[in-house]
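Colleague: no sequence for this one, just the structure:
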């Protein structure tokens, strides 16, 4: 990453020096920090299935302007730019094939990264180096070491970061986490997390010509060098191929695992320190971990269970249980939900914008506050997915040192904290 990052910084400087970046003034200068007309200028990187949905949310607040969009598919980026320009009534949004050109623009305050998973680390790191705040879809990256790099990069460049765990913008989920934090369950004994299973296999591996309008080399980016196939650049290929992801154990597991770490304090103690498990991997192009059965333990002795299921986090304690899901908040006994919450010096952040999770990010770009899903929370919750997968791959119990933030006592598992990348100039 260091060699790649350095070369891209040179690229950004050369673009600016050549005068190819738009001659515009950043929004905080143009409108003023407290002026009613103050707007945040954002750009979208990746506007496919998930990225397209996020793009639509950016167009809703009138104090946000989408001034640029980048995608490897020509039709996607041009359609989205046209969509924004029709809304704004002018030539406001510019489409780009290469997102690095977008990062050179002085008027872009922040970016939304909704690329396939294998681009998350590089796109986010480059954006931060270019002085942009970042909203990044889950999972955070494809390795623990890359997670560490993004955490350090965000702190080094003092960037606002919002993780795409939008459930933190739901009031009932925040309430459930507040109840657990307040201790209404008494001493916890067990936490159960489930997330939808992955794909059992399939997907074409037969090479075919790259379709017109797709920059396939750019799409591959830091992924492995693979021929184009019918399913590789589709959603299923992005989500379930180990060339691009580690599967739904992280891609969807990020949501209920994030609820768990939010309720436990978002710190190192919110991460289990031991893991063991089994899993089944898909075949064909969709070869990521499809199902998993992981058991672990926290430093305080609380048991941890992570399995496929609906999308739910259940906390079990002396006084009963609380289950938190996207569609509900339940307790047994139900009276636990009516327990008065003690006053808190720092209550969990609420999204007060009236809009999507992306709007909470945009607001924090202006205020420089920590958003609902900050970088340190993303780092801790995403590591749980990776540690679970490493336990499955090795077939051994994995010990996590919460103080040193590393795996201990297993050299093979320690190596799996990183990820080999074969394509120049994307250096691991």
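Modeller: In hand now; what should we look at? Keep in mind it's a predicted model, so treat the numbers as computed, not measured.

Colleague: which residues in the stretch 1-150 of the chain form strands?
Modeller: Assigned strands in the stretch 1-150 of the chain, in chain order: 40-45, 64-70, 94-96, 110-113, 133-136 (criterion: DSSP state E, counting those that start in this stretch).

Colleague: Nearest residue to the middle of this structure?
Modeller: residue 138 (2.6 Å; Cα atoms, centre = their mean).

Colleague: how about that one, what does it touch?
Modeller: 163, 164, 165, 250, 251, 254, 255, 258, 378, 382 (Cβ atoms under 8 Å, 6 or more residues apart in numbering). For every residue, glycine as well, the C-beta is placed using N, CA and C.

Colleague: Tell me the predicted confidence for the fifth one.
Modeller: Yep, that's residue 251 we're talking about. Residue 251 is assigned 96 on the pLDDT scale.

Colleague: returning to what we had before: quick check: chain neighbours aside, which residue is closest to the residue nearest to the centre of the chain?
Modeller: residue 254 (3.7 Å; Cβ to Cβ, 6 or more residues apart in numbering).

Colleague: From the chain's centroid, how far away is stretch 236-250?
Modeller: 14 Å (Cα atoms, centre = their mean, to the nearest Å).

Colleague: residue ranges with poor pLDDT in the stretch 251-400 of the chain?
Modeller: By pLDDT under 70, the weakly predicted segments of the stretch 251-400 of the chain are 344-345.

Colleague: What are the boundaries of the helices in the stretch 1-150 of the chain?
Modeller: 2-18, 27-30, 49-58, 74-88, 99-103, 120-129, 144-156 (DSSP state H, counting those that start in this stretch).

Colleague: next structured bit after the top helix by length along the chain?
Modeller: If you go by DSSP state H, the chain has its longest helix at helix 375-394. Going down the chain from helix 375-394, the next helix or strand is strand 398-401, by DSSP states H and E.

Colleague: Sheet partners, orientation included, of that next one?
Modeller: The strands beside strand 398-401 in its sheet (DSSP bridges) come out as strand 274-281 (antiparallel), strand 406-408 (antiparallel).

Colleague: Deepest-packed of those, please.
Modeller: For the strands paired with strand 398-401, the largest average neighbour count (mean count of other Cβ atoms under 10 Å) is found in strand 274-281, namely a mean of 19.

Colleague: next SSE after that strand?
Modeller: Downstream of strand 274-281 (by DSSP H and E), the next one is strand 289-297.

Colleague: buried stuff in the helix or strand that that following strand is followed by?
Modeller: Per DSSP H and E, the first helix or strand lying C-terminal to strand 289-297 is strand 303-308. Counting neighbours by 16 or more other Cβ atoms under 10 Å, one finds that the buried residues in strand 303-308 are 304, 305, 306, 308.

Colleague: would TSV of these with distance to residue 263 be doable?
Modeller: TSV is the format used below for the buried residues of strand 303-308 (distance: Cβ to Cβ, whole Å):
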residue	distance to residue 263
304	13
305	15
306	15
308	21
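
Colleague: of the residues you listed, closest to residue 296?
Modeller: Nearest to residue 296 among the buried residues of strand 303-308: residue 304, at 4.0 Å, using Cβ to Cβ.

Colleague: The closest one pairs with what?
Modeller: With DSSP bridges as the rule, residue 304 is bridged to residue 191, residue 296.

Colleague: Who are the contact partners of it?
Modeller: 190, 191, 193, 272, 294, 295, 296, 297, 298.

Colleague: Nearest spatial neighbour of the last one, chain-adjacent residues omitted?
Modeller: With Cβ to Cβ, 6+ apart as the measure, residue 272 is the residue that lies nearest to residue 298, at 5.2 Å, once sequence neighbours are left out.

Colleague: how about the one you found, what does it touch?
Modeller: 296, 297, 298, 304, 384, 387, 400.

Colleague: Run a quick neighbour tally on residue 60.
Modeller: 14 (other Cβ atoms under 10 Å).

Colleague: Leaving out sequence neighbours, find the closest residue to residue 166.
Modeller: residue 357 (3.7 Å).

Colleague: I meant to write residue 42 there.
Modeller: residue 110 (5.2 Å).

Colleague: from what I can see the one you found touches residue 131, true?
Modeller: No - in this structure, residue 110 is not within contact of residue 131 by Cβ atoms under 8 Å, at 9.9 Å.

Colleague: neighbour-wise, which of these two wins?
Modeller: The residue with more neighbours, out of residue 110 and residue 131, is residue 110; 25 against 16, by other Cβ under 10 Å.

Colleague: Contact partners for residue 47?
Modeller: Applying Cβ under 8 Å, 6+ apart, the residues near residue 47 are 55, 69, 71, 76, 77, 80, 114.

Colleague: what about the strands in the stretch 151-300 of the chain?
Modeller: Using DSSP E, counting those that start in this stretch, the strands of the stretch 151-300 of the chain run over residues 161-163, 188-195, 274-281, 289-297.

Colleague: Save those strands as TSV, and put in distance to residue 366 too.
Modeller: Converted to TSV, the strands of the stretch 151-300 of the chain look like this (distance: least, Cβ to Cβ, whole Å):
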stretch	distance to residue 366
strand 161-163	13
strand 188-195	33
strand 274-281	40
strand 289-297	40
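
Colleague: Please identify the most buried of those.
Modeller: strand 161-163 (a mean of 29).

Colleague: If you average the pLDDT over that strand, what comes out?
Modeller: The model assigns strand 161-163 a mean pLDDT of 98.

Colleague: can you list the residues that contact it?
Modeller: 124, 128, 133-136, 138, 140, 150, 154, 254, 258, 357-358, 360-361, 364, 371-375, 377-378.

Colleague: Just the closest of the buried residues of strand 303-308 to residue 93, please.
Modeller: Out of the buried residues of strand 303-308, the member with the shortest distance to residue 93 (by Cβ to Cβ) is residue 308, at 39.6 Å.

Colleague: if you skip the residues just before and after it, what's nearest to that closest one?
Modeller: residue 197 (3.7 Å).

Colleague: that older thread, with the contacts of residue 272 in mind, which one is nearest to residue 85?
Modeller: The closest of the contacts of residue 272, once distances to residue 85 are taken by Cβ to Cβ, is residue 384, at 41.6 Å.

Colleague: circling back to that earlier point, what is the burial count for the residue nearest to residue 166?
Modeller: So residue 357, with other Cβ under 10 Å, has 23 neighbours.
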